[in-house]
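Q: the following block contains a protein sequence and its predicted model.
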Amino acid sequence: MSRSTILRQFAAGVFLVNAVPHGVAGVQGRRFPSPFARPPGRGLSSPTVNVAWSALNAAAGAALLRRDRTTGENAAVGAGAAIMAIFLSLYFEKSDRD
């Protein structure tokens with residue numbers, strides 16, 4: 001298994017996890033930070049922008065996934081997902097305090 005394959009699978013996990021909070025906020029009709037807000041990542045974007053951002057993240061994650069993954073590649077997807085989930089939880093916990 002090559003390093004680029006592991007990185008690709010890791011990135012897939014990152015994109016797939018990042019799709020979740022944006023999609024959930026969007027379908028609930030809530031404004032939520034996105035890269036398109038002012039300031040980026042701190043201001044609030046509309047629900048529609050968040051649904052679109054979620055869809056782009058999900059599409060990127062799906063495009064990076066390989067159909068016949070090895071155990072190591074599955075672990076890389078899981079690691080990317082777990083690390084992104086932890087990062088997002090810490091980021092938004094800090095945002096709530098600001």
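A: Great, that's in hand. Residues are numbered from 1 along each chain as shown.
Q: lowest-confidence helix or strand of the protein?
A: Lowest mean confidence among the helices and strands of the chain (mean pLDDT, DSSP states H and E): helix 71-97, at a mean of 84.
Q: and that helix, what's buried?
A: By 16 or more other CB atoms under 10 Å, the buried positions in helix 71-97 come out as 73, 76-77, 80-81, 84-85. The C-beta positions use only the backbone N, C-alpha and C, and glycine is treated the same way.
Q: the residue nearest the centre of the chain and residue 69, how far apart?
A: Centroid-nearest residue in the chain: residue 18, 1.4 Å away (criterion: CA atoms, centre = their mean). According to CB to CB, to the nearest Å, residue 18 and residue 69 sit 20 Å apart.
Q: and the residue lying farthest from the centre of the chain, what does it touch?
A: Most distant from the centre of the chain: residue 1, at 24.2 Å, with distances by CA atoms, centre = their mean. If you count contacts by CB atoms under 8 Å, 6 or more residues apart in numbering, residue 1 has them with 70, 72-73.
Q: swap in residue 76?
A: Taking CB under 8 Å, 6+ apart as the test, what residue 76 contacts is 5-7, 9-10, 13.
Q: that'll do, ta.
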